[in-house]
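**Q** Quick one: sequence plus predicted model below, questions after.
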Amino acid sequence: MNDRDATGPFDAEASARLSESEEAALAGRRVVLGISGGIATYKLATVVSALAQAGAEVTVAMTESATRFVAPLTFQALSGRRVLVSPWEDADAADPQHIAVARSAECMLIAPCTMDALARLAAGRADDMVTLLAASIDRTRTPVLVAPSMNDAMWRQPATQRNLRTLAEDGYALVEPEAGWQACRTIGMGRLAAPSALIAALAAALRDRAAG
């Protein structure tokens, strides 16, 4: 399969199989998945499905722009849990800032993390559900993984590289993007890591957290 084929909706990763060690690392764990608005959003359906089948408790948070690519109902059906989209519409009287979600999380993955989402995280913004949850997590105890997704030109921008360094200094962990065919009809660096790589990164982070 070439890179062009691998970007289609029927991805080779669409039925990502977990190893026994990954299933063991994920079973019963509380994972928050933050989704920003990019064309690779559809790949997260595979990730959520695989996590749920492994026995993880998955809470999905989406930016408004992410909902333009995949409806929240898709992730609700796959995770079996309410999807968080707006800090206002999803407000809970007992937890208006969703602090309880952040505190109970054992790991958070932000994917796809667009250039804009990356910049907002690096600036310490908390004005959407994804950045709000990320800002509410104590990264000294709970790993937060960032999986960038953008085209080659955006990936090579000095601002992007600067923001990546800032996030590393702030305790975020990077899931490296891949090179290949992109939606803008170019070949280059910046494709979202494959679902299997995202799941492996989550499992590894949870194992490390458990090991102390």
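**A** Structure's in. What do you need?
**Q** and residue 176, backbone torsions?
**A** Main-chain torsions, residue 176, degrees, to the nearest 10: phi -60, psi 140.
**Q** residues touching the closest residue to it other than its chain neighbours, list them.
**A** Spatially, and ignoring its direct neighbours in sequence, residue 176 is nearest to residue 193 (6.6 Å; CB to CB, 6 or more residues apart in numbering). Where C-beta positions appear, they are placed from N, C-alpha and C, glycine not excepted. Listed by CB atoms under 8 Å, 6 or more residues apart in numbering, the contact set of residue 193 reads 111, 147, 175, 176, 177, 178, 201.
**Q** Can you verify my assumption that the first one contacts residue 191?
**A** No - with contact taken as CB atoms under 8 Å, residue 111 and residue 191 are classed as non-touching, separated by 11.7 Å.
**Q** who touches both of the two?
**A** With CB under 8 Å, 6+ apart as the test, residue 111 and residue 191 both reach 40, 149.
**Q** Can you tell me, leaving aside adjacent residues, what's nearest to residue 38?
**A** Leaving aside its chain neighbours, residue 38 sits nearest to residue 112 (4.1 Å; criterion: CB to CB, 6+ apart).
**Q** Doesn't that neighbour lie inside a strand?
**A** Yes - under DSSP: H, G, I helix; E, B strand; the rest coil, residue 112 sits within a strand.
**Q** so it makes contact with residue 149?
**A** Yes - at 3.3 Å, residue 112 counts as touching residue 149 under the criterion of CB under 8 Å.
**Q** Mutual contacts of these two, please.
**A** Common contacts of residue 112 and residue 149 (CB under 8 Å, 6+ apart): 38, 40, 192.
**Q** In contact with the second one: list those residues for me.
**A** Okay, so that is residue 40. With CB under 8 Å, 6+ apart, residue 40 has these contacts: 111, 112, 149, 191, 192.
**Q** Least confident of those?
**A** The lowest pLDDT within the contacts of residue 40 belongs to residue 191, with 93.
**Q** Touching, it and residue 149? I think so.
**A** Yes - with contact defined as CB under 8 Å, residue 191 counts as touching residue 149 (6.9 Å).
**Q** average pLDDT across stretch 179-190?
**A** 79.
**Q** Give me the distance between the two termini of it.
**A** Using CA to CA, to the nearest Å, the end-to-end distance of stretch 179-190 comes out at 6 Å.
**Q** Buried ones in it, by neighbour count?
**A** Residues of stretch 179-190 classed as buried: 180, 181, 182, 188, 189, 190 (neighbour count, 16 or more other CB atoms under 10 Å).
**Q** The fourth one - that's part of a helix, no?
**A** No - membership of residue 188 in a helix is not supported by three-state DSSP, which gives strand.
**Q** On the three-state scheme, the residue in the chain sticking out farthest from the centre is what?
**A** Distance from the centre of the chain peaks at residue 93, with 26.5 Å (CA atoms, centre = their mean). Three-state call for residue 93 (three-state DSSP): coil.
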